[in-house]
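[1] Turn this into a model:
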Amino acid sequence: MSNDTAPLTILWQDEDMVAVHKPAGWLVHRTGLDAHETRFVMQTLRDQLGRHVFPVHRLDKGTSGVLLMALHADAARALCAVFEQHQIHKRYIAMVRGWPLAAQTVDHALRPEDAPPEAPAQPACTTFRRLATLQLEVPVDRYPSTRVALVEAQPLTGRRHQIRRHLKHIAHPIIGDATHGKGAHNRWWAQELGQQRLWLHALSLQLVQPLSGQRLSLVSPIPSGADDALALNQDWAHLLRHHSWQVEYPIDPGA
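    A predicted model of the protein is given here:
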């Protein structure tokens, strides 16, 4: 890990667990699949807090937002059970190609991506709500103009890459998704915004802290104005200010 890595922003902490803002481009932990990466949430947070931390869920490298860690083994077991039993409410924001339906539920089973072809698909369900739309009279790929939308995603199951794969399934892939998206659109938006990233953000987690019983709403907010230059998620704020979006439902910063 580089010594000049900036401290992670702690969103909430008690004696059992800590929630941090995970920047886009950071891995949760070291992996041989990305051997050249130097930014890891677990190692940075361990050094920052001076104690061991335990992962209880994960976010993709390209995804930003709320990430929860346990601070001891008992808390890790209790929190893992909360996730496994779907006793946690997750909200994500994504920018997708095209204009999806105003609201829809995608109930589409997914086979694990590293499983053999004969492996059975696992049930997977995500609800989507369209928040805003944008159309620019610029031809991209085979389209005479480019259309994108902001959507809120709430996964009801926890399959790997579920939101990304479900959005691809309905032909509205996430901008910046190199695996499941469209290269021409990804490249155009990276040049337009001056940043190449996966436009997927874990906005909030809501749960009951299993050891204390405290009800929690953990949020990595997207700023609604330009007045706080030090706020988190300025890349998302820039995206929203960059063009005239047709807003249908505002992003609730308090989730």
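[2] what about the stretch 1-150 of the chain, any weak spots by pLDDT?
    Residue ranges of the stretch 1-150 of the chain with pLDDT under 70: 1-5, 31-38.
[3] and H185, what element?
    Using DSSP states H and E, H185 sits in helix 183-193.
[4] Contacts for that helix next, please.
    Residues outside helix 183-193 that contact it (C-beta atoms under 8 Å, 6 or more residues apart in numbering): 95, 97, 138, 140-141, 146, 148, 175-178, 196-197, 199, 235, 238-239, 242. All C-beta atoms are positioned from the backbone trio N, CA, C, and that covers glycine.
[5] V208 is in contact with S217, isn't it?
    No: if you go by C-beta atoms under 8 Å, V208 and S217 don't touch, sitting 10.9 Å apart.
[6] still on that earlier bit, can you tell me which of the contacts of helix 183-193 are classed as buried?
    Buried members of the contacts of helix 183-193, scored by 16 or more other C-beta atoms under 10 Å, are 95, 97, 140, 146, 148, 175-177, 197, 199, 235, 239.
[7] need the longest strand for this protein.
    The strand spanning the most residues in the chain, taking DSSP state E as the definition, is strand 125-136.
[8] which other helices and strands contact that one?
    strand 103-107, strand 146-155, helix 162-169, strand 246-247 (3 or more C-beta pairs under 8 Å, 6 or more residues apart in numbering; DSSP states H and E).
[9] can you pull out the helices in this protein?
    Assigned by DSSP state H, the helices in the chain fall at 41-49, 73-84, 162-169, 183-193, 234-242.
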